[in-house]
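> what follows is a predicted protein model with its sequence.
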Amino acid sequence: MRLSLLAAALLVSAATPALAQRHTPTPVPMPPAIEAPQDTPYPGTIELNIDATDLNQAIFRMHERIPVSGAGPMTLLFPRWLPGDHSPSGQIEKFTGITMSAGGHSLAWRRDVVDISAFHVDVPAGADAIDLTFEFVSATQDGQGPITMNATGMQVQWNSLLLYPAGHYATQIMVRPQITLPEGWTYATALGYGTATSAPVTFAPVDLSTLVDSPMFAGRYARRIDLDPRGRSPVHLDLFADTQEALAATPAQIRPHQNLVRQADRLFGARHFDHYDFLLMLSDSLEGLGLEHHRSSENGEPTGYFTDWDSMAADRDLLPHEMTHSWNGKYRRPADLWTPNFNVPMRDSLLWVYEGQTQYWGNVLTARSGLRTRAEALDSLARVAAFYDNSAGRHWRPLQDTTNDPVIANRPPQAWNSWQRSEDYYSEGELIWLDVDTLIRERTHNSRSLDTFAHNFFGVHDGDWTPLTYTFEDVVAALNQVTPYDWASFLRSRLDNTSEHAPLDGLTRSGYRLAYSDTRSDIQKTNEGQAEASFFQYSLGMNVANDGTISNVMWDGVAFNQGLSRGSKIIAVNGIPYDGDVLRRAVTDAHTNPHQNIELIVQGAPGGRYRTITLDYHDGLRYAHLERIPGTPDRLTSILAPR
């Protein structure tokens, strides 16, 4: 309806006194907090039954029976804060179709308006249990999240397939899991190994914490390899793959995996498991996982992990990293990262130890076991050192703050990763621990090292599985037991301060320095092949996918300062259609002839305007490598040598 100007003026005039009165909204009170977990047993054992046979639609269907001890309000929780993810990453959006009943009568439920992972229900008088039915709808294509089921294999994360009662520690809630798998499929989990029949696979009751920490892989094509035939506790490599051919690991390929177990034993001394299973899915369609557990790892690699062995060196640190977590992260755990159940928020302040030192040991054990050659290990370290030494984000954001990234970002693609920073506590943490290791060696004339710390700190209480927590002060005290030093100031200066350059003192003390040349190492070529891109980040300040799409731009680099961004597409280089080799030749030609610039035809992202960009760059191709410092001890070779 249209008002006349006079009517509108009268309305405004009439409303003026009311508008002059100030009204302050009253906030609505928050609902009661979810019942805090107590270290008391939950009465009875939860029965969890899973149907995982819908391979066409990738739907897990559950029936859960939860015993109750009386009538009244009850809160059930979907696991939200997941160990290993360090974040509220539980996929509650894929939890569907929930119904609740007791004694055959439907029960109304309501989701908590603040904690969307909590479900409230009123238990009726006389009920001894409530029955739940629901589904977990796994992703069926990219963009929906992790794909965890297909026609040949599946990854079963129990935390996505259950609800549990609030008010108790996870260790005090007992669950009897049962799962129906496609007949004839092999399964592996820390709970057991076998071949499924038409009957459900049933496991003995286990506490909820152990259940969530014991994921299952299952598949049509499987192989089990004994990695420690005469060891004090079984260690197996449980392989699953898209095809039977992908399982064809040779004795020469198995041997370094067996060496890994021996080298881990020699490093840590103790074992905190009665058996250990590397769960390894070789698939080009299922999610490529890298997740730690106390008695297993949960890993994914491309189908060619064994069949394309020579081109997979860049990926071979995954299993050493995740096994190291059995000691660092699962047994010894940061005190503020341990939580009594899966819905209490985690605090990630010590991830530079949990993940950073694990990154260090993972790469060291990769070399010591023979999964990488010494040259490959040096080239991998060079790439880490170069990236962090060239990351502009270190000018404004200290490393300690990146331990918040699992909660802030949870690993989405970043437009400016060298400026924003993302979970740098992993690999910059690795550089810090190299610094620590070499300083210990220098101060003790090589009589002690970070190996000593690992044995003393992580290798205590052989056979114990109960997490033993630690604080920053505990880490400092343990380092001082190895060799007295102001370790607190040493660590805090590297964690809390911003700086222009990465912490490379460990490299220097190792007898090496970061350098650049126009030659790519084999592992750099492998990285480019896997990424389907060409890397120019230390020359032109960008990486470019094989189709010409710019996949990364270094902040304040050559490409950045010409207005290029991720997603733009290079159409032509000096009038020639884009190709990685074409751009490499153009960079080399501009280096040889200082008067020749590099001319790019670029389309804005996505489908934007075309423009011509001239890069006045003449310093040539620059690829990172390490070179020896003459006259210095080669500590890095000693660090990487097998024990």
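Received it, and whenever you're ready, just let me know what you need. Numbering: from 1, shown residues only.
> low pLDDT regions in the stretch 451-600 of the chain?
The stretch 451-600 of the chain contains no residues with pLDDT under 70.
> can you give me the neighbour number for the closest residue to residue 391 other than its chain neighbours?
Leaving aside its sequence neighbours, residue 391 sits nearest to residue 418 (C-beta to C-beta, 6 or more residues apart in numbering; 4.5 Å). Yep, even glycine has a C-beta here, placed from its N, CA and C like the rest. Residue 418: 23 surrounding residues under other C-beta atoms under 10 Å.
> where do the strands sit along the stretch 401-550 of the chain?
If DSSP state E, counting those that start in this stretch is used as the criterion, the strands of the stretch 401-550 of the chain fall at 468-470, 512-517, 533-536, 542-545, 550-553.
> all helices in the stretch 251-400 of the chain, in order from the N-terminus.
With helices called from DSSP state H, counting those that start in this stretch, the stretch 251-400 of the chain shows them at 251-268, 318-324, 351-354, 356-369, 374-389.
> the second one - contacts with which helices or strands?
In terms of contact count using 3 or more C-beta pairs under 8 Å, 6 or more residues apart in numbering; DSSP states H and E, helix 318-324 is assigned the packing partners helix 251-268, strand 276-282, strand 290-292, strand 296-301, helix 356-369.
> in JSON lines: the ones you listed, plus mean pLDDT and distance to residue 235.
Below are those laid out as JSON lines (pLDDT from 0 to 100; distance: least, C-beta to C-beta, whole Å):
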{"stretch": "helix 251-268", "mean pLDDT": "98", "distance to residue 235": "5"}
{"stretch": "strand 276-282", "mean pLDDT": "97", "distance to residue 235": "5"}
{"stretch": "strand 290-292", "mean pLDDT": "92", "distance to residue 235": "15"}
{"stretch": "strand 296-301", "mean pLDDT": "96", "distance to residue 235": "10"}
{"stretch": "helix 356-369", "mean pLDDT": "98", "distance to residue 235": "13"}
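> got the ones you listed as a markdown table, with distance to residue 441 and mean neighbour count columns?
Below are the helices and strands packed on helix 318-324 laid out as a markdown table (distance: least, C-beta to C-beta, whole Å; neighbours: other C-beta atoms under 10 Å):
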| stretch | distance to residue 441 | mean neighbour count |
| --- | --- | --- |
| helix 251-268 | 15 | 18 |
| strand 276-282 | 30 | 26 |
| strand 290-292 | 28 | 20 |
| strand 296-301 | 30 | 25 |
| helix 356-369 | 13 | 25 |
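> export these to TSV and tack on distance to residue 72?
Formatted as TSV, the helices and strands packed on helix 318-324 follow (distance: least, C-beta to C-beta, whole Å):
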stretch	distance to residue 72
helix 251-268	48
strand 276-282	41
strand 290-292	37
strand 296-301	38
helix 356-369	44
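> among the ones you listed, which comes closest to residue 321?
For the helices and strands packed on helix 318-324, proximity to residue 321 was assessed by C-beta to C-beta; helix 356-369 is nearest, at 3.1 Å.
> can I get that closest one in PDB, CA atoms only?
Taking C-alpha atoms only, helix 356-369 is exported to PDB below (Å, rounded to 0.1, in the frame of the first residue of the first chain):
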ATOM      1  CA  GLY A 356      55.700 -30.600  16.500                       C
ATOM      2  CA  GLN A 357      57.900 -33.100  18.200                       C
ATOM      3  CA  THR A 358      56.000 -36.000  16.600                       C
ATOM      4  CA  GLN A 359      56.700 -34.300  13.200                       C
ATOM      5  CA  TYR A 360      60.300 -34.300  14.100                       C
ATOM      6  CA  TRP A 361      60.500 -38.000  15.200                       C
ATOM      7  CA  GLY A 362      58.200 -39.000  12.300                       C
ATOM      8  CA  ASN A 363      60.700 -37.700   9.800                       C
ATOM      9  CA  VAL A 364      63.700 -39.000  11.800                       C
ATOM     10  CA  LEU A 365      62.200 -42.500  12.000                       C
ATOM     11  CA  THR A 366      61.300 -42.400   8.300                       C
ATOM     12  CA  ALA A 367      65.100 -42.000   7.600                       C
ATOM     13  CA  ARG A 368      66.300 -44.400  10.300                       C
ATOM     14  CA  SER A 369      64.000 -47.100   9.100                       C
END
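> now the strands of the stretch 401-550 of the chain in a markdown table, please, with extra columns for distance to residue 32 and mean neighbour count.
As requested, those are exported to a markdown table (distance: least, C-beta to C-beta, whole Å; neighbours: other C-beta under 10 Å):
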| stretch | distance to residue 32 | mean neighbour count |
| --- | --- | --- |
| strand 468-470 | 29 | 17 |
| strand 512-517 | 56 | 17 |
| strand 533-536 | 52 | 22 |
| strand 542-545 | 51 | 22 |
| strand 550-553 | 47 | 23 |
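> before I go, just wanted to say thanks for your time.
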